[in-house]
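S.K.: sequence below, structure please.
(one chain, ligands or ions: 1)
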Amino acid sequence: MFLVALLVFVMFGLLNNSAAAQFDNGEQAQIYPVVRTPYPELIYTPEACQEGSDKICFGDYYKVLPKTSYVNKVIVPDTIVIHTDDQSGKTPEKWFSTTTWNGLAGRDSGGRSVHFGVGLDGIGQFLTMYEGGVIQCRGAGRNLDSHSVQIEMGGRSYNTMLNGKASPAMVRSIEIITAQTVDLVLVLMETYDIPIENVIGHYEVEGSGKTDPGDIYLEQYFLPLLKKKLGN
Ligand SMILES: [Zn+2]
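M.R.: As a prediction, the model looks like this:
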């Protein structure tokens, strides 16, 4: 009886955590036409990393997104694209990468993908990666997707970190998520021989009309932190 109660409790917790995130509004959806069908609530469960052969797993957990969300092709990345996934600014203490996964998997029957989600719960790897290349994601448009690794940080309005408009909770979340992302980017730069000039924000992608993850944030906070760590 106790076990059943415990199971119900755990399931309830999982369901509560599985609300789908809102993503960069209307992010170039026209490039990847998909059939919109209702989808069941997705529950995130981590998988063991399938290390071996030349597969690499970075981060704290590994769970590959549905096949419909990525291009089944290995590409060689020379660029790293940073995003934020637009989770609510009212609850920065809930900016989780598992929410990012659920949002991507559920959206448009899984029509979008990135390689990583970074949140207060750690770094999740969402696509298969190898020593010499990575599975092509559907993140910032085909031209860029064909030669990049992409990272979705949980949350939104990261620029507020620098203009004094962020609440203490938001500052805390942005700091925690940034620190993990910078460390991840350093490892990716090393693994795939990517120069710092090729670490860009989604807003820099021509014609994207995007502002994530925030220009001031990336240029005055993220990149200086990355440069500092790179020098050490
Ligand atoms: Zn984006």
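S.K.: C-alpha only now, for contacts and for neighbours.
M.R.: OK.
S.K.: and the residue in the chain that the ion sits nearest to, how far is that from residue 56?
M.R.: Per Cα to the ion, residue 83 is where the chain lies closest to the ion, at 4.2 Å. Applying Cα to Cα, to the nearest Å, the value for residue 83 to residue 56 is 22 Å.
S.K.: same check, this time on residue 202
M.R.: Per Cα to Cα, residue 202 is found 25 Å from residue 56.
S.K.: list phi and psi for residue 153.
M.R.: Listed backbone geometry of residue 153 is phi -90, psi 140, with angles given as degrees, to the nearest 10.
S.K.: who does it bridge with?
M.R.: According to DSSP bridges, residue 84, residue 118 are recorded as the beta-bridge partners of residue 153.
S.K.: looking at it, it is touching residue 115, isn't it?
M.R.: No: counting by Cα atoms under 8 Å, residue 153 sits too far from residue 115 to count as a contact (11.1 Å).
S.K.: between these two, tell me which one has more neighbours.
M.R.: Comparing residue 153 with residue 115 by neighbour count (other Cα atoms under 10 Å), the higher total belongs to residue 153, at 30 against 24.
S.K.: show me what contacts that one?
M.R.: Contacts of residue 153 were listed using Cα atoms under 8 Å, 6 or more residues apart in numbering, and they are 82-85, 97, 117-119, 177, 181.
S.K.: re the thing from before, so for residue 202 and residue 56, which sits in the more crowded spot?
M.R.: When neighbours are counted by other Cα under 10 Å, residue 202 and residue 56 differ, and residue 202 comes out ahead with 23 against 17.
S.K.: show the contacting residues for the more buried one.
M.R.: If you count contacts by Cα under 8 Å, 6+ apart, residue 202 has them with 81-83, 140, 208, 210-213.
S.K.: which SSE is residue 173 in?
M.R.: When elements are defined using DSSP states H and E, residue 173 is found to belong to helix 168-192.
S.K.: past that helix, which element shows up next along the chain?
M.R.: Toward the C-terminal end, the helix or strand that comes next after helix 168-192 (DSSP H and E) is strand 199-201.
S.K.: list the residues that contact residue 132.
M.R.: The neighbourhood of residue 132, defined by Cα under 8 Å, 6+ apart, consists of 76, 192.
S.K.: and this protein, which residues reach the ion?
M.R.: The chain has residues 83, 202 near the ion, with proximity defined as Cα under 5 Å from the ion.
S.K.: remind me which residues of the chain are low pLDDT?
M.R.: Along the chain, segments meeting pLDDT under 70 span 1-53, 107-110.
S.K.: hey, where'd the strands end up in it?
M.R.: 55-56, 61-62, 71-75, 79-84, 116-119, 122-125, 129-130, 134-136, 148-153, 199-201 (DSSP state E).
S.K.: hmm, residue 120 and residue 94 touching each other?
M.R.: Yes: counting by Cα under 8 Å, residue 94 sits close enough to residue 120 to count as a contact (7.4 Å).
S.K.: those two: who's more crowded?
M.R.: Here residue 94 and residue 120 are compared on neighbour count by other Cα under 10 Å; more neighbours surround residue 120, at 21 against 18.
S.K.: residues touching that one, list them.
M.R.: By Cα under 8 Å, 6+ apart, residue 120 lies in contact with 93-97, 173, 176-177.
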